[in-house]
Every structure is written in C-alpha cells, then in structure tokens.
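> missing the sequence, but the structure's below:
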C-alpha cells in the first residue's frame, strides 16, 4: 500500500526536526556506505550538522507546500456539461453496465463516414450487432469488423482496432457528447472496441 506523499513528507519533517532539536546529524540518516558514495564522509562534523538542519527545514517547507496544494482528482471523468465528451469508464469497473448510456449512439469515422449504431439489436439494419447487416458484417466497406477495410482490422488507417491509430472513430450521442472507439490507449476518453463487442453480446 502506497503512502500519500504528504504523509511521507510530514513524517520526514517531524523526524528531522526532532533530530535537529537534539544531536541529529547526517549520520542519523545515512550509513557509512551511502556517505562514501555521496562524498558526505569528507564533510566535517559541523558541516554535517548544518546540512542536516538545512534538510530538516527544507523538508518541512516542502511538506507545507504539498499540504496547501489542491488534491488531485485521480478518478475524475471528462464527461461534464462543457467538455463535450463522455467517458463510461474502464474495463473492470462495471463498464458493461455503464456502456448502456451509449445505446443508440452513432459511430462516426474520422472522415465523417457513418459506421453504424451502437446497439444490441441483431435485427436493426444499422446495428453493429447485426452480423448480416451493412455495419455488422465482416465484408462491408463501412463496417468496423472488416479486417481489410480502413475502418476495421489492426492496420486500418481509421480503425477502432488499430492500437497505433491516431484518428479512430468516435461514438457520438444524440446530445452531441462523444468518446473515441479505439484500442489506442493514447486516445482519451475512449471505449475499447473489444469491450463494446462484449457489451453487444451481453443481456
């Protein structure tokens, strides 16, 4: 379990300040081997003491700066009223259920080509779940499942499955919000195409 930076710095500052009020020196923090590697062994006792006190004060100041800094929003989602994007989540955190929000959304290629509708409906002609439909089969020019086309496969120039693709398709909601449909982890926000396939097959 990783300790927060503030906790570590505060502990260091408290420990070093306590030492500094006593007889603490660099010897309290570094063994002889480390002192030899850094050249500390060449310093006099007075110099070591002064360096120790400086480090204690510096660590204390850094801890105060970190304490005042606003907390990082590690789980922040880019989906809001002004961003124009929607991020349903990442694989492993109940993402299949979250993908329900994309039901009925359009998949649009980077060049503006319509690539079908996000849907579990296997009879809807526009659904990507319809394996005999224009957008769900493996041979259609405008199907993301066509390994030989530019919108499908791992080499397609605008393919959702191309991990190196910088211009993958987007899933666009009626509200105008969107997310990339891409295996390229550099595209944010994004829905993994393999996860989307799993969603279309789920009940």
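That came in fine, so what should we check first? Being a predicted model, the structure only gives us computed values, none of them experimental. Numbering: from 1, shown residues only.
> would you map the strands across the chain?
106-108, 114-117, 170-172, 178-181, 190-191 (DSSP state E).
> ok, the shortest one: who's next to it in the sheet?
Read that as strand 190-191. Next to strand 190-191 in the sheet, as set by DSSP bridges, lie strand 178-181 (parallel).
> buried ones in the partner strand, by neighbour count?
178, 179, 180, 181 (16 or more other C-beta atoms under 10 Å). Where you see a C-beta, it was placed from the backbone N, CA and C, and this is true even at glycine.
> quick one: mean pLDDT over it.
Mean pLDDT, strand 178-181: 93.
> thinking again about what came up before, can you put the buried residues of strand 178-181 in TSV and add distance to residue 57?
Output for the buried residues of strand 178-181, formatted as TSV (distance: C-beta to C-beta, whole Å):
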residue	distance to residue 57
178	51
179	48
180	48
181	53
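> related to what we said a few turns ago, which of the strands of the chain sits closest to residue 130?
Nearest to residue 130, of all the strands of the chain, is strand 114-117, at 8.5 Å by C-beta to C-beta.
> other SSEs contacting the closest one?
If contacts are counted by 3 or more C-beta pairs under 8 Å, 6 or more residues apart in numbering; DSSP states H and E, strand 114-117 sits against strand 106-108.
> now for the strand it packs on, which elements pack on it?
When contacts are defined as 3+ C-beta pairs under 8 Å, 6+ apart, strand 106-108 sits against strand 114-117, strand 170-172.
> rounded mean pLDDT for the last one, please.
I take that to be strand 170-172. Rounded mean pLDDT across strand 170-172 is 94.
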